[in-house]
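> I would like the atomic coordinates for the input below:
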Amino acid sequence: MKILESHFKSLFVLLLMALSITGVRAGEVVPAGISFYDYAYENLNREGILSPDFFDYQLGSYNLEEFLSYNYKYNIPVHKDRDHLMFFNIIEEKISTEKNSSPIGREYFRAGFSGKPNEKIYFYANILLDESKALDSSYTGKKWRGLAGGVESGFINYNTDIFDFTFGRFASFWGNKNSLVLSARNSMDGFAYTWKWGRLRLSYRLARLDNIASPENSTLTENRYFAAHRLDIHFKKNLRVGLFETAVFGGVGRQIELGYLNPIIFYHSTQLNEGTDDNTFLGFDFDFQPADRFSFYGQFMVDDLQIDNSSNGDREPAQYGIQFGTIWVNMLNRLDFSAEYSRVTNWTYNQAGQKNRYLFHNEPIGGLFGNDYDYLQLSFVKHPKNKRVLRSSLNFSFVRQGEGSVTADWAAPWLALNSGDYKEKFPTGVVQSTTAAYFGLKYLIFNNISVHTKAGFRSVKNLQNISGNKQEIPFVNILFASYFSTNINIK
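Numbering: from 1, shown residues only. Down below sits the predicted model:
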């Protein structure tokens, strides 16, 4: 019965896709963290390498005016004009199959509306029903008939030439899409702004995180918050450097504090002087284009570095994350090459107090795989002239994942040492190693239906950090995505 129900849902999704063929016009803000918009983000970043400018590619979400020239092949949900309210839906069907496993289908339904009452204000809202979340044991929200979700985004954006302000529930990122400090993985309630002064950018982000039960008294809950600020300097069109600091803080009855609302003070010194046990992070990132069509970027984030050596607590290992990448656009005719390496040490993002962990609903706020990992990816991407084929790619990746976790108990084994330095290998314990190679193809069936296929091979050693547990896994993934919209005159 469950098999028939699953097939029926898949056929229903495909039928809705077939009915979703309609025209779309361009508009304002593109939400971050939604796979349907990934192509638009990737295409704009590619154009930025071809023609360097002072646009803030490191701060997302992006304003849609920048998309108009670059994404003519791929329609995105936008409103018509200030006299119209736009309603839309995005339907995705993901089919995955692996060796010795039956095909698995997962559905994602998004529906929402947007509008622009004047030249400076834009609003957007959507709900999400996600079948994969309902099957995720770490998901803490409600489930209904095999689906999970709720309001994914709901925000108002105010934008001028010198100031951009967003309030509500939304995803954002600082750096690139695999950012170590703030990724677009989560939509969080709060606000963000960027103040632009010449080549300077002062940015701020505040969000309320999920509450957790107090470990001292399970009848009480600990409020949790995320605050972050950064300063970016565009030295030239081909060189930008950004400095950032973030803090995760909370406690029973604790509210947002004025100190963490201040975008120009040093959070770490503030929490030390106040005697609070908050979790602060410091770092910087950069983009540099030393030659035409070639870009180099990086990010460095510090959770904890021990300078003194006077007590056992000073033997705590360094906790940090690093990331470096490069993109070579048109290495050959319409063929791009990219490479990226990232590394996050064990205990990074973690802390003795659960309220201060760098998590939102058990998902990392930054870092692709949490902590105790390193990751290398190489990609060759072809952008054909065929109007229906958006891109094809050949991808290689290697991931090492240790036994550490952001949710692991804070064991602090260095405190048990009588003498000497505490050292642990990287990654820690039995290391799961995954090598993968796959071919990807993304194309349009109609202007409103795209198909993204991946086919390849994955080799895993010490699967689930169990020594000797090895698997060789061929796989095929197919993602259908359709979009439908209608504009309603409200005057």
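
> In contact with the residue most central in space within the chain, which residues?
What sits nearest the mean C-alpha location of the chain, by C-alpha atoms, centre = their mean, is residue 184, with 2.9 Å. Residues counted as contacts of residue 184 (C-beta atoms under 8 Å, 6 or more residues apart in numbering) are 32, 33, 60, 171, 172, 173, 177. For every residue, glycine as well, the C-beta is placed using N, CA and C.

> pLDDT score for it?
You'll see residue 184 listed with a pLDDT of 94.

> quick one: residue 55 and residue 160, what's the gap?
Using C-beta to C-beta, to the nearest Å, residue 55 is found at 16 Å from residue 160.

> Looking at these two, which one has more neighbours?
It is residue 55, of residue 55 and residue 160, that has more neighbours when counted by other C-beta atoms under 10 Å, with 18 against 10.

> Residue 49 is in contact with that one, correct?
No - the pair residue 55 / residue 49 is not scored as a contact, 11.4 Å apart, by C-beta atoms under 8 Å.

> which of the contacts of residue 184 lies closest to residue 484?
Comparing the contacts of residue 184 against residue 484 with C-beta to C-beta places residue 33 closest, at 20.9 Å.

> I'd guessed that closest one sits against residue 188; true?
No - using C-beta under 8 Å, residue 33 is not in contact with residue 188; the gap is 10.3 Å.

> can you list residues touching both of those two?
Joint contacts of residue 33 and residue 188 (C-beta under 8 Å, 6+ apart) are residue 171.

> which residues sit in contact with residue 237?
52, 53, 54.

> The last one should be in a helix, yeah?
Spelled out, that is residue 54. No - going by DSSP: H, G, I helix; E, B strand; the rest coil, the assignment for residue 54 is coil, not a helix.

> So in terms of bridging, what pairs with the residue nearest to it when sequence neighbours are not counted?
Spatial nearest neighbour of residue 54, excluding adjacent residues (C-beta to C-beta, 6 or more residues apart in numbering): residue 234 at 5.1 Å. Counting by DSSP bridges, residue 234 is bridged to residue 240.

> tally of neighbours for residue 217?
Neighbours of residue 217 (other C-beta under 10 Å): 10.

> Wait, a helix at it?
No - remark: residue 217 does not belong to a helix; assigned using three-state DSSP, it is coil.

> quick one: it and residue 253, what's the gap?
From residue 217 to residue 253 the distance is 12 Å (C-beta to C-beta).

> List buried residues within the contacts of residue 237.
The neighbour-count test (16 or more other C-beta atoms under 10 Å) marks residue 52 as buried among the contacts of residue 237.

> Make a markdown table out of the contacts of residue 237 and add pLDDT.
What follows is the contacts of residue 237, written out as a markdown table (pLDDT from 0 to 100):
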| residue | pLDDT |
| --- | --- |
| 52 | 93 |
| 53 | 92 |
| 54 | 93 |
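
> nearest to residue 377, of the contacts of residue 237?
Using C-beta to C-beta, residue 52 comes nearest to residue 377 of those, at 24.1 Å.

> Identify the residues contacting that closest one.
With contacts taken as C-beta under 8 Å, 6+ apart, residue 52 has the following neighbours: 237, 238, 289.

> Distance to residue 107, pLDDT and secondary structure added to those, as CSV?
Below are these laid out as CSV (distance: C-beta to C-beta, whole Å; pLDDT from 0 to 100; DSSP: H, G, I helix; E, B strand; the rest coil):
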residue, distance to residue 107, pLDDT, secondary structure
237, 43, 96, coil
238, 43, 96, coil
289, 41, 97, strand
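
> any idea which helix or strand of this structure has the worst average confidence?
helix 2-18 (a mean of 49; mean pLDDT, DSSP states H and E).

> Can you list the strands that the helix or strand just after it pairs with?
Counting by DSSP states H and E, the next helix or strand C-terminal to helix 2-18 is strand 29-30. Here strand 29-30 is paired, per DSSP bridges, with strand 62-63 (antiparallel).

> Given the top strand by length along the chain, what are its sheet partners and their directions?
When the chain is parsed with DSSP state E, its longest strand is strand 471-489. Under the criterion DSSP bridges, strand 471-489 sits next to strand 84-98 (antiparallel), strand 449-461 (antiparallel) in its sheet.

> Next, the buried residues of that strand.
For strand 471-489, by 16+ other C-beta under 10 Å, it's 473, 475, 477, 478, 479, 480, 481, 482, 483, 484, 485, 487.

> about what we covered before: tell me if I'm right that the residue nearest to residue 54 and residue 242 touch.
No - with contacts counted by C-beta under 8 Å, residue 234 stays clear of residue 242, the gap being 9.7 Å.

> Between these two, which is the more surrounded one?
Applying other C-beta under 10 Å to residue 234 and residue 242 shows that residue 242 carries more neighbours, namely 23 against 19.

> how close does residue 369 sit to residue 459?
Distance of residue 369 to residue 459, given as C-beta to C-beta: 17 Å.

> ok so, going back, ok, the buried residues of strand 471-489 vs residue 138, which is closest?
So of the buried residues of strand 471-489, ranked by how close each gets to residue 138 (C-beta to C-beta), first place is residue 477, at 21.6 Å.

> Now for the closest residue to the closest one other than its chain neighbours: which residues touch it?
Closest residue in space to residue 477, ignoring its immediate chain neighbours: residue 454 at 4.4 Å, by C-beta to C-beta, 6+ apart. Counting by C-beta under 8 Å, 6+ apart, residue 454 makes contact with 438, 439, 440, 475, 476, 477, 478.

> Residue 281 pairs with what?
Listed beta-bridge partners, residue 281: residue 246 (assigned using DSSP bridges).

> any idea how far it lies from residue 259?
In terms of C-beta to C-beta, residue 281 sits 16 Å off from residue 259.

> returning to that earlier point: check the gap between the residue nearest to residue 54 and residue 62 for me.
From residue 234 to residue 62 the distance is 16 Å (C-beta to C-beta).

> partners of the nearest residue to residue 130 once chain neighbours are set aside in the sheet?
Closest residue to residue 130 apart from its sequence neighbours, by C-beta to C-beta, 6+ apart: residue 149 at 4.7 Å. Using DSSP bridges, the beta-bridge partners of residue 149 come out as residue 129.

> for residue 149, what are its contacts?
Contacts of residue 149 (C-beta under 8 Å, 6+ apart): 127, 128, 129, 130, 133, 141.

> make it 6 Å
Residues in contact with residue 149 (C-beta atoms under 6 Å, 6 or more residues apart in numbering) are 128, 129, 130.

> export these to TSV and tack on distance to residue 103 and neighbour count?
Listed next are the contacts of residue 149 as TSV, based on distance: C-beta to C-beta, whole Å; neighbours: other C-beta atoms under 10 Å:
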residue	distance to residue 103	neighbour count
128	23	20
129	21	19
130	19	21
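
> Export those residues as a markdown table, with columns for distance to residue 118 and pLDDT.
Listed next are those as a markdown table, based on distance: C-beta to C-beta, whole Å; pLDDT from 0 to 100:
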| residue | distance to residue 118 | pLDDT |
| --- | --- | --- |
| 128 | 28 | 92 |
| 129 | 32 | 90 |
| 130 | 34 | 87 |
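
> so which of the residues you listed comes closest to residue 101?
Closest to residue 101, out of all of the contacts of residue 149 and judged by C-beta to C-beta, is residue 130, at 21.0 Å.

> Look up how far residue 448 lies from the closest one.
From residue 130 over to residue 448 the distance is 21 Å, taken as C-beta to C-beta.

> cool, residue 224 as well?
In terms of C-beta to C-beta, residue 224 sits 40 Å off from residue 448.
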